[in-house]
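In: Fold the following and give me the result.
(one chain, ligands or ions: 1)
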Amino acid sequence: MEGFRVIGGERLRGEARVQGAKNAVLPILAAAILPEGETVIRDCPDIRDAHAMAEILGKLGCECQWNAGEMRIDAANLHHWEMPDELSKQIRSSIFLLGPILGKLRRATVTYPGGCEIGIRPIDLHLKGLRALGVSIVEDGGVIYCDGRNMRAGDVYFDYPSVGATENVMMAAALLPGTTIVHNAAREPEIADLQDFINAMGGSIRGAGTQLIEIEGVKSLRGVCYTPIPDRIAAGTLLCAAAMTGGEIRLTNARPWDVIPVCDKLKEMGCRITEEKDAVALAAPERLRAFSQLQTNPHPGFPTDMQAQMLAAACVAEGTSVIVENVFENRLSHVTDLCRMGADIRVNGRMAVVTGVPRLSGMTVSARDLRGGAALVLAALAAKGESTVEHAELIDRGYERLERTLQTFGAKIERVRK
Ligand code: EPZ
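Out: Just a heads-up that it's a prediction; the model follows:
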């Protein structure tokens, strides 16, 4: 098992480039099975989830090659429509393959991807969307048999703006004759990136970023070279790290528009934010002030993937902050270890009330999920003394060598094997 050893107290200073977005690349890799011919994803982040998705594509008959930040996918030999159980469990995002496999092969068999550390992660909305396109779905013993031979374009309504379900319908309908309309669609920037990718391949989708998306099915799609958007969560995480350590950093390959909710909170905490065309800079105050309240919600609300990091920042801010996690039912597990580091946090259901303390104390703590693990690294950077954050592999799922990026800012952090 690997971990990160951190000596806290260094003010982060310097400049770094933000990685490509994990949550854009994963659906884009899934959509790469739709075209005839090879697709190249440039600036693909070197993260475990991207490699896991490529492995699944390989098992389905696609050829995937990783080469220094580029992922090449050739789906010419895609012949399997069954997603083996061990792969579905390996990465929850395998559910994003349901739509494109049906879109291309009209058949698909998958197993429930199962929950993860932050919640049970149901897929009822994914299945509802596909049924609205005429897919007949039989669930038997945890296996989901999908028959798309009678698929047709249609209207899809989502009771909740699910990111993955919206993306699955976009991919299932891209090659479906007729016009499919998604009502109450998710509006995250990664949805617009998936639209841009499919349109770059010759697709015809409009409206991503709004709650109404229109997909005009086309006869075929062609492979392209594509660069995904920058990772707004990785950017927000680094801004939080600088904010918590009284530092000053500049991030390139960062879209200010995508980090507005996070920068709004960091400004409320006393940080000075400078926005450029594709860069964001932050200068932190000597000590952060508490924000009054933070509620996570579907985009354009505050992103749930930044909740843990902001909660860590609240732990060392002056005053009391209230955080409510409205998106996932079990996304406060990082509180336990933050309290072991000396944080003052009261949890009641999905609400956490954080009263800031002047300093946290270094400690051995354990990542339980991707973003909670990142939050513990931030806390360790701000803490007094040495910390070890165990289970780096969870953090590697979404951050490209996080310790190297932090080292460029002067952080005393190294990867250790235990
Ligand atoms: C995507 O997950 C992201 N993952 C998540 O990022 C992100 O937290 C989430 O969107 C919300 O923004 C990827 O894009 C790979 P949802 P997804 O469907 O698609 C419920 C990270 O840390 N729901 O919008 O699974 C669900 O239980 C990860 O990078 C249903 O009830 O999110 C949750 O409460 C974590 N039925 C809420 O909707 C369904 O069929 C949001 O889920 C689907 C979802």
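
In: residues touching the residue in the stretch 251-400 of the chain that the ligand sits nearest to, list them.
Out: The minimum distance from the stretch 251-400 of the chain to the ligand, using C-beta to the nearest ligand atom, falls at D305 (4.4 Å). For glycine as for every other residue, the C-beta is placed from the backbone atoms N, C-alpha and C. Going by C-beta atoms under 8 Å, 6 or more residues apart in numbering, D305 touches 23, 233, 371.

In: Kindly present those as a markdown table, with separate columns for neighbour count, pLDDT and distance to the ligand.
Out: A markdown table is the format used below for the contacts of D305 (neighbours: other C-beta atoms under 10 Å; pLDDT from 0 to 100; distance: C-beta to the nearest ligand atom, whole Å):
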| residue | neighbour count | pLDDT | distance to the ligand |
| --- | --- | --- | --- |
| N23 | 26 | 98 | 3 |
| I233 | 27 | 98 | 6 |
| R371 | 25 | 98 | 5 |
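
In: near the ligand, which residues of the stretch 51-200 of the chain show up?
Out: Counting by C-beta under 6 Å from any ligand atom, the positions of the stretch 51-200 of the chain adjacent to the ligand are 93, 119, 121-126, 160, 162-165, 186, 188.

In: Show me the two of the residues you listed that sit farthest apart.
Out: Taking C-beta to C-beta, the two most distant members of these are D124 and E188; they sit 19.5 Å apart.

In: which of the two has more neighbours?
Out: E188 (25 against 11; other C-beta atoms under 10 Å).

In: how near is the more buried one to G209?
Out: Look at E188 and G209: by C-beta to C-beta, to the nearest Å, they are 8 Å apart.

In: Then L406?
Out: The value you get for L406 to G209, if C-beta to C-beta is used, is 32 Å.

In: who's more crowded, these two?
Out: More crowded of L406 and G209, by other C-beta under 10 Å: L406, with 26 against 16.

In: what residues are up against the more buried one?
Out: Contacts of L406 (C-beta under 8 Å, 6+ apart): 12, 238, 241, 377, 381, 413.

In: these two touch, right, E188 and A21?
Out: No: look at E188 against A21 with C-beta atoms under 8 Å: they stay out of range, at 10.0 Å.

In: Same question for stretch 158-171: list its buried residues.
Out: 158, 161-171 (16 or more other C-beta atoms under 10 Å).

In: Now do the helices for the stretch 101-250 of the chain: every range, in order, please.
Out: Remark: helices assigned in the stretch 101-250 of the chain by DSSP state H, counting those that start in this stretch are 124-131, 163-173, 189-200, 232-244.

In: just the stretch 251-400 of the chain next, same as before
Out: Under DSSP H, counting those that start in this stretch, the stretch 251-400 of the chain gives helices at 260-268, 307-315, 334-340, 370-382, 392-395.

In: ok so, going back, quickly check the contacts of L406 for the two that are furthest apart.
Out: L238 and I413 (12.8 Å).

In: Those two - which one has more neighbours?
Out: L238 (28 against 24).

In: List the single closest residue to the residue lying farthest from the centre of the chain in space, sequence neighbours excluded.
Out: Distance from the centre of the chain peaks at N150, with 33.0 Å (C-alpha atoms, centre = their mean). Leaving aside its sequence neighbours, N150 sits nearest to G134 (C-beta to C-beta, 6 or more residues apart in numbering; 4.9 Å).

In: L57 too?
Out: Of all residues not flanking L57 in the chain, C64 sits nearest, at 5.2 Å (C-beta to C-beta, 6+ apart).

In: before we move on, what about H126?
Out: Leaving aside its sequence neighbours, H126 sits nearest to A165 (C-beta to C-beta, 6+ apart; 4.5 Å).

In: Wait, the one you found touches G129, no?
Out: Yes: with contact defined as C-beta under 8 Å, A165 counts as touching G129 (5.2 Å).

In: which parts of stretch 14-32 are buried?
Out: Taking 16+ other C-beta under 10 Å as the criterion, stretch 14-32 shows 14, 16, 18-32 as buried.

In: hang on, I meant stretch 286-306
Out: 288, 290-291, 294, 296, 298-299, 302-306.

In: who are the neighbours in contact with I120?
Out: E329.

In: how about the strands in the stretch 151-300 of the chain?
Out: Secondary structure of the stretch 151-300 of the chain (DSSP state E, counting those that start in this stretch): strands at 155-157, 179-183, 204-206, 212-216, 225-226, 248-252, 272-276, 279-283, 293-295.

In: for I144, which residues make a bridge with it?
Out: V110, E139 (DSSP bridges).

In: what about the residue lying closest to A208 once chain neighbours are set aside, how many neighbours?
Out: Among residues not flanking A208 along the chain, Q195 sits closest, at 3.6 Å (C-beta to C-beta, 6+ apart). Number of residues near Q195 (other C-beta under 10 Å) recorded here: 22.

In: Quick check, Q195 in contact with I205.
Out: Yes: Q195 lies in contact with I205 (C-beta under 8 Å); the separation is 4.6 Å.

In: hey, what's in contact with both of those two?
Out: 170, 213.

In: Spit out the contact partners of the residue nearest to H126.
Out: Per C-beta under 8 Å, 6+ apart, neighbours of A165: 123, 125-126, 128-129, 158, 186.

In: so which of those residues comes closest to the ligand?
Out: L125 (3.2 Å).

In: what about the closest one, distance to G164?
Out: 8 Å.

In: for A186, same thing?
Out: 8 Å.

In: likewise N77?
Out: 26 Å.

In: Repeat that for A375.
Out: 23 Å.

In: what does E386 give?
Out: 39 Å.

In: close enough to count as contact, V163 and E190?
Out: Yes: taking C-beta under 8 Å as the definition, V163 is a contact partner of E190 at 7.0 Å.

In: joint contacts of those two?
Out: Common contact partners of V163 and E190 (C-beta under 8 Å, 6+ apart): N23.

In: Using CSV, lay out the helices of the stretch 101-250 of the chain together with distance to L98.
Out: Formatted as CSV, those follow (distance: least, C-beta to C-beta, whole Å):
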stretch, distance to L98
helix 124-131, 6
helix 163-173, 6
helix 189-200, 15
helix 232-244, 24
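
In: Enumerate the residues of the stretch 201-350 of the chain near the ligand.
Out: 304-305, 327-328.

In: between the strands of the stretch 151-300 of the chain, which gets nearest to L98?
Out: Of the strands of the stretch 151-300 of the chain, the one closest to L98 (C-beta to C-beta) turns out to be strand 155-157, at 14.0 Å.

In: Starting from the closest one, tell me which strands it pairs with and how they run.
Out: strand 179-183 (parallel).
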